[in-house]
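Q: attaching a predicted model along with its sequence, questions to come.
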Amino acid sequence: MFKTLHIKLAGSKLTPCETLRTSKTKAIYAAPSVFNRICVRQGSWYTESERKGKYLLLSPVKLPDEFARFLDARISESDFAPNKLPTKDELMEIVESIEYKEQRPKQWEKKTIIDAVLFKVLFTVNRYWGWGENLKIYWLNHRANHANFVSNKVTTEIDGEKVPYTICENAGVCSSCVEFSNIANKNQRKLVRACPGSITFGGAKKDIFLDVKPVRQ
């Protein structure tokens with residue numbers, strides 16, 4: 001099929017965010033096992049959702065009509081730029097939302113020393129974090145970001161619709177694949193800023209919001 005569309009098909013090897021490297025001539029998929037190959041705790045958003053066991057495919061072109069029922073969302077770059085970001089008190093309020101407490105996976109907040117070390121090494125080497133920064137500093141951002149996408153506390157208006165967006169800079173984002181894969185709050189349009197992992201493994205652009213628009217069938 002992909003040959004007739006004049007594009008190649010490739011698979012993600014380490015993380016689902018590698019699918020963001022889809023180009024004009026290549027579609028990329030992520031198998032179920034990829035979602036928790038490296039990001040085990042973060043992958044619980046996938047493994048504890050109705051998406052579990054399903055493949056993620058990003059394609060640069062429309063697939064044949066027989067695959068239309070699998071089309072879940074359209075992703076495009078947005079020129080959105082927030083006028084301001086939430087304060088620490090506002091972030092804490094978002095984390096306390098009922099929606100987040102009810103929908104967060106059990107494993108998501110069970111961080112370990114291994115998490116702290118991996119984040120510190122990867123994000124410092126790649127210069128997303130300074131030498132004095134660590135997971136403890138960004139932990140509230142990590143939780144509040146996903147919380148905002150399921151609670152719609154901080155939004156902007158697009159075409160009359162309130163659209164939640166990433167509530168911090170790239171350095172404070174974790175597992176943006178949860179949103180660009182349309183796992184959390186799947187019927188809600190989202191403006192998603194990439195996490196450092198998506199920039200590193202997926203080639204996502206820094207400071208650019210992706211407009212994830214669900215196909216409501």
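A: Done, it's in.
Q: where along the chain do the strands fall?
A: Counting by DSSP state E, one finds strands in the chain at the ranges 8-11, 26-30, 56-58, 73-78, 155-158, 161-164, 190-193, 209-214.
Q: can you pull the pLDDT of Phe2?
A: Note on Phe2: pLDDT of 66.
Q: residue contacts, the closest residue to Ala171 other than its chain neighbours?
A: Once flanking residues are discounted, Ala171 sits nearest to Tyr128: 4.8 Å by Cβ to Cβ, 6 or more residues apart in numbering. (Each C-beta comes from the backbone N, C-alpha and C, glycine too.) Going by Cβ atoms under 8 Å, 6 or more residues apart in numbering, Tyr128 touches Asn170, Ala171, Pro196, Ile199.
Q: measure the first one to Trp129 for me?
A: Asn170 sits 11 Å away from Trp129, taking Cβ to Cβ, to the nearest Å as the criterion.
Q: ditto for the third one
A: Distance, Pro196 to Trp129, by Cβ to Cβ: 8 Å.
Q: which neighbours do those two share?
A: Common contact partners of Pro196 and Trp129 (Cβ under 8 Å, 6+ apart): Phe123, Ala171.
Q: could you list the domains of the protein?
A: What automatic domain parsing lists as the domains of the chain is 8-75, 78-210.
Q: can I get those in TSV including mean pLDDT?
A: Below are the domains of the chain laid out as TSV (pLDDT from 0 to 100):
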stretch	mean pLDDT
domain 8-75	94
domain 78-210	95
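Q: now for Asp79, how many residues are close by?
A: Asp79 has 7 neighbouring residues, counting by other Cβ atoms under 10 Å.
Q: repeat that for Pro64.
A: Using other Cβ under 10 Å, Pro64 has 9 neighbouring residues.
Q: same check on the one 3 residues further on?
A: When neighbours are defined as other Cβ under 10 Å, Phe67 has 12 of them.
Q: check Lys120 too.
A: When neighbours are defined as other Cβ under 10 Å, Lys120 has 15 of them.
Q: same question, Glu96
A: Glu96 has 12 neighbouring residues, counting by other Cβ under 10 Å.
Q: what's the distance between it and Ile114?
A: For Glu96, the distance to Ile114 - Cβ to Cβ - is 27 Å.
Q: cool, and Ala194?
A: Ala194 is 23 Å from Ile114, by Cβ to Cβ.
Q: pick out whichever of these two has more residues nearby.
A: Ranked by neighbour count (other Cβ under 10 Å), Ala194 and Ile114 place Ala194 first, with 26 against 10.
Q: go ahead and confirm the more buried one touches Ile208.
A: Yes. Using Cβ atoms under 8 Å, Ala194 is in contact with Ile208, at 7.5 Å.
Q: and the nearest residue to Leu91 once chain neighbours are set aside, what does it touch?
A: Leaving aside its chain neighbours, Leu91 sits nearest to Ala144 (4.1 Å; criterion: Cβ to Cβ, 6+ apart). Taking Cβ under 8 Å, 6+ apart, we find Ala144 in contact with Pro86, Leu91, Met92, Ile94, Val95, Ile167, Cys168.
Q: starting at the chain centroid, how far to the helix ranked longest in the chain?
A: Among the segments of the chain that qualify as a helix by DSSP state H, the longest is helix 135-151. How far helix 135-151 lies from its chain's middle: 12 Å, per Cα atoms, centre = their mean, to the nearest Å.
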